[in-house]
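Student: Fold the following and give me the result.
(chains A and B)
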Amino acid sequence: MSEILADCVGTVWKVLSAPGDRVSEGDVLIILESMKMEIPIEAEEDGVVVSVHVAEGAQVDDGDLLVRMGE
Amino acid sequence: MTENRPAERDSSGEPGRSTVGFSWEAELRQFDVRRERARKLGGERRVNRQREQGRYTIRERIEKIAESFSEIGEFAVYHEYDALGNKLGTLPSSYVCGLAKVDGRYVALGGEDFTVRGGAPQTYLDRMKGGTGGFIDDLAHDYKIPLMLFVEGVGGDVAGQEEKGHAYLNNSISWNRCFEVLSEVPVLSMVSGVAVGAASARALASHFSVITKDSVLITGGPPLVRRALGIEIDKFDLGGAKLVTSIGAVDNLAEDEDDAMNQMRRVLSYLPQNAWQLPERAPCTDPVTRRAPELLEIIPENRRQAYRASRVIQAVVDQDSFFEIGSRWGKSLTTGLARIDGIPIGVLANNPQSLGGAMDAAACDKQVRLISLCNTFHLPILYFVDVPGFMVGPQAEKDNTLRWGLKAMESIISATVPVVTIQVRKSYGLAVSATSNPEKLGLRLAWPSGEWGDLPIEGGVEAAYRREIEASENPEQLRAEIEARMGALVDPWRTAEAFGVEHMIDPRATREIVATFFEASLGSMSAGGNLPRPDWRGRS
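Tutor: Numbering: from 1, shown residues only, chains lettered A, B, ... in the order given. Coordinates of the predicted model:
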């Protein structure tokens, strides 16, 4: 079980993953909009998306939980 | 009257010498007996435990990495006592070291033996073999050869003072050599198993460190934390490998020890034996004239879209030559070692995929670390710039970003090696001053995708013309007009016309241009250039 956290303040632009998705390291799970750019949030390792904790348009803070991953 | 009877050599079971003479046969037999004891390490039970946890013993590590090994101090021992002071037996000392050959190069190689007293410091010996300074560090220092360390140990332990019969006042004398060698020879360390306190610190005092994924590196272990803070916490939660590589305490994460050793060897391949030599240029099979059309695909035309900085680096440097250092921390700056036309170089690239490439405190720290390495061992620096500025926002202010930003700036300004910057996309704000040094050659090569200024137009216009915009009858329209006017000025060709950037290049031709300039610069790093001059009169 691992948690993917936002590493800066921003807005959720696109959610590209859903619970149950099997993903590989480097797959884009969410795209944030921050620093006037689209910032892809990638899976850090192969695994399954357990839960997605944000919706498109939501404001996120540094350290907010975005996605919980399992093996 | 004392009898002329040799005292028993309790540690080997052999009779000792008499005052009359000695027996060659008996003395030579000692080698076998004592060598056998050294090979047994801390005993079968502890060795098995090490293996069950998926780790090599210190002797296996040495065997894996070294083509040859001349051990020194093989016969040093540790007398083991139980908690009541009863002697349990004699074990080999808790550190193994010697002169090794790794990939045809002499290196000083050493590491703690975790099966003997958890790899504790050898304060029970007359001279430390290694760990926090000792014979192995002296060997690297005196012979000017790289130092490779296998770190696995509990740091200090209370039992040490019981042996001495008094509490000892720790001082920093033994650390002097550890710091001294950092400006003399490459120091590379691998952490596998558990490193605590002084052992952890020694791993940090290196140019490159790597930790296996199931290992731990901590300042103080769970018992200490429980007593000091009343917190129950697992050692992996305190300093597991993933955590320590995400904060940059250790540079790289490894799958296992074989992977970790390969990473150490890879890093060594870019570095000279010592700071008085230039790194070796390798034969290059990747044509220097190779163009990189993929760069036009990698850099999106849409400025809002990010790209992976490592892909830009890989397109330009020799094929498969890029070795990333610190991929798990300070992610808005990608750093590593590479070759171009066989010349070992250091590479930095702002990575828009993290924080839009903004330099936060961690990225600045990471820049300082790589540039120090390049400066010490004469690696020219290639910097791909795409920086929107130093990171802003409440967290960035709390992180003391400007303090670290200044250190990053100072690092590039004080670099004595040649620096070439590629203006990939954005160069905004103060952070640009941390990417090249205008007092030196400051060779900045721009791609037509480049844009720069004091502040980005969006936001910058708002800040500069706020009163006018607010007073206007149609603020939106006025802002759009000003932005359009400013936007026209951002055209990078205008700056090239003013020689405000040294040259505009076709990205696809970057490789050949950079290689040519770095090749021409090599003489500037030879003796009398930026190399420290060894004192030929033999004075210290």
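Student: Which pLDDT value belongs to whichever residue of chain A sits closest to chain B?
Tutor: Relative to chain B, the nearest point of chain A is residue A:35 (3.0 Å; Cβ to the nearest Cβ). Glycine gets a C-beta too; all of them are placed from N, C-alpha and C. On pLDDT, residue A:35 comes in at 84.
Student: ok now do it, which residues does it touch?
Tutor: By Cβ atoms under 8 Å, 6 or more residues apart in numbering or on different chains, residue A:35 lies in contact with A:8, A:10, B:355, B:356, B:357, B:358, B:388.
Student: Pull up the residues of chain A that are close to chain B.
Tutor: Contact residues, chain A versus chain B (Cβ under 8 Å from any Cβ of the partner chain): A:7, A:8, A:9, A:34, A:35, A:36, A:37, A:38, A:39, A:40, A:42, A:62.
Student: between the contacts of residue A:35, which is nearest residue B:489?
Tutor: Minimum distance to residue B:489 across these is 17.8 Å, recorded for residue B:388 (Cβ to Cβ).
Student: how about the nearest residue to residue 53, chain neighbours excluded?
Tutor: As the question left the chain open, I've gone with chain A. residue A:65 (4.8 Å; Cβ to Cβ, 6 or more residues apart in numbering or on different chains).
Student: ah, no, chain B please
Tutor: residue B:193 (7.4 Å).
Student: Tell me who's in contact with the residue of the stretch 301-450 of chain B found nearest chain A.
Tutor: Nearest residue of the stretch 301-450 of chain B to chain A: residue B:356, at 3.0 Å (Cβ to the nearest Cβ). Residue B:356 sits next to A:34, A:35, A:36, A:37, A:39, B:306, B:332, B:388 when contact means Cβ under 8 Å, 6+ apart.
Student: Please enumerate the strands of chain A.
Tutor: A:2-5, A:10-15, A:22-23, A:28-34, A:37-42, A:47-52, A:59-60, A:65-70 (DSSP state E).
Student: Filter the residues of chain A next to chain B down to the buried ones and hand me the ChimeraX line.
Tutor: Only the buried members of the residues of chain A next to chain B enter the following ChimeraX selection, criterion being 16 or more other Cβ atoms under 10 Å in any protein chain shown:
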select /A:7,8,9,34,35,37,38,39,40,42,62
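Student: Spatially, which pair of the residues of chain A next to chain B is furthest apart? Let me know, please.
Tutor: A:36 and A:42 (19.9 Å).
Student: pLDDT score for the residue nearest to residue B:53?
Tutor: In this prediction residue B:193 is given a pLDDT of 97.
Student: looking at this, it is in a strand?
Tutor: Yes: counting by DSSP: H, G, I helix; E, B strand; the rest coil, residue B:193 is found in a strand.
Student: Contact partners for it?
Tutor: For residue B:193, counting by Cβ under 8 Å, 6+ apart, the contacting residues are B:50, B:53, B:55, B:114, B:152, B:215, B:216.
Student: give me phi/psi at the residue sitting furthest away from the middle of chain A?
Tutor: Relative to the centre of chain A, and counting by Cα atoms, centre = their mean, the farthest-placed residue is residue A:36 at 17.8 Å. Backbone torsions of residue A:36, given as degrees, to the nearest 10, read phi 60, psi 20.
Student: what does residue B:221 give?
Tutor: phi -80, psi 170.
Student: Now for the closest residue to it other than its chain neighbours: which residues touch it?
Tutor: Nearest non-adjacent residue to residue B:221, counting by Cβ to Cβ, 6+ apart: residue B:196, 5.3 Å away. Contact analysis of residue B:196 by Cβ under 8 Å, 6+ apart lists B:153, B:154, B:155, B:218, B:219, B:220, B:221.
Student: picking up where we left off before, so how far is residue A:6 from the residue nearest to residue A:53?
Tutor: Residue A:65 sits 8 Å away from residue A:6, going by Cβ to Cβ, to the nearest Å.
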